[in-house]
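K.L.:
just to be clear, the model below is a prediction. Sequence and coordinates:
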Amino acid sequence: MKTVLITGANRSIGLETAKQLSEKGLFVYLGSRNLTKGEETIKDLTEQGFQNIKAVEIDVTNPESVLKAKEQIEDEQGKLDILINNAGILGVIPQTAEHTAIEDIKAVFETNLFGAISVTQTFLELLKKSDQPRISNITSGLGSLTLHSDPSWKYYHVKNAAYGPSKSALNAYTIVLAYELRDLPFKVNVIDPGYTATDFNHHNGPGSIESAASFIVKHTLTDENAPTGQYFSNDIEDEDGISPW
């Protein structure tokens, strides 16, 4: 049975992704900053009939918490097949380039970029023990510099000084990581689930949580012929869903 860790998975897209992967027969570690809340979520899922899901406490901004989660999964499974870096924050809004406080920008980067890097680096040891390791970094269309420079893009006017740039940086990190792991059976990609109605954005997005999670699952459970170092977006209307960087 393949194992997967999803950070920030006790609600919204992360939770739905956990459900869909559980239904496909994977053992899912549902990452939550608060273990009590995570276990409450697991109780609800169990009552709904979901199996092979377990809460694990992990605060991506706390290296000790990340290491403790790694040690737990190593003790229980011996390896990790899939890492989905889903944890993220929007930050203080509005985020203008002129007035957003440096502290507020740093806080967003601490979770969205440095947190993802911390988790990735810590869990690489376990991922390298898998026959088909996968790393999916959950990004946003707002991380695309090409689209942000195109006045015809439907979200062209949605600009911010912290969230989007943090995802652009995560995209750049993913390219480097995919390159370094290119001779191993890793597939390392960034996945934009699309503009989705969630608690994250006060349910303003047009997409559904089910569609967003399904897109993540599609581009995570891939075979050996799948691309690596790619940027997939659920908002790109073509068969491959490949977004410009």
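P.N.:
Cool, the structure landed.

K.L.:
and Glu64, how far is that from Thr122?
P.N.:
With distances taken as Cβ to Cβ, to the nearest Å, Glu64 is found 11 Å from Thr122. Where you see a C-beta, it was placed from the backbone N, CA and C, and this is true even at glycine.

K.L.:
meant to ask about Gln51
P.N.:
Taken as Cβ to Cβ, the span from Gln51 to Thr122 is 27 Å.

K.L.:
before we move on, what about Thr36?
P.N.:
23 Å.

K.L.:
over to Ser168?
P.N.:
23 Å.

K.L.:
and the closest residue to Asn189 other than its chain neighbours, what does it touch?
P.N.:
Nearest residue to Asn189 in three dimensions, chain neighbours excluded: Gln230, at 4.9 Å (Cβ to Cβ, 6 or more residues apart in numbering). Applying Cβ atoms under 8 Å, 6 or more residues apart in numbering, one finds that Gln230 lies in contact with Asn189, Val190, Ile242.

K.L.:
could I get the residues you listed in a markdown table, plus columns for neighbour count, distance to Leu80 and pLDDT?
P.N.:
Compiled in a markdown table, the contacts of Gln230 are given as follows (neighbours: other Cβ atoms under 10 Å; distance: Cβ to Cβ, whole Å; pLDDT from 0 to 100):
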| residue | neighbour count | distance to Leu80 | pLDDT |
| --- | --- | --- | --- |
| Asn189 | 24 | 17 | 98 |
| Val190 | 28 | 19 | 98 |
| Ile242 | 13 | 27 | 97 |
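
K.L.:
if we can go back for a sec, so for Glu64 and Thr122, which sits in the more crowded spot?
P.N.:
Thr122 (19 against 8; other Cβ atoms under 10 Å).

K.L.:
packing partners for the helix or strand containing that one?
P.N.:
Thr122 belongs to helix 116-127 when assigned by DSSP states H and E. If you count contacts as 3 or more Cβ pairs under 8 Å, 6 or more residues apart in numbering; DSSP states H and E, helix 116-127 packs onto helix 63-77, strand 82-85, strand 134-138, helix 163-180.

K.L.:
no further queries at this time; thank you.
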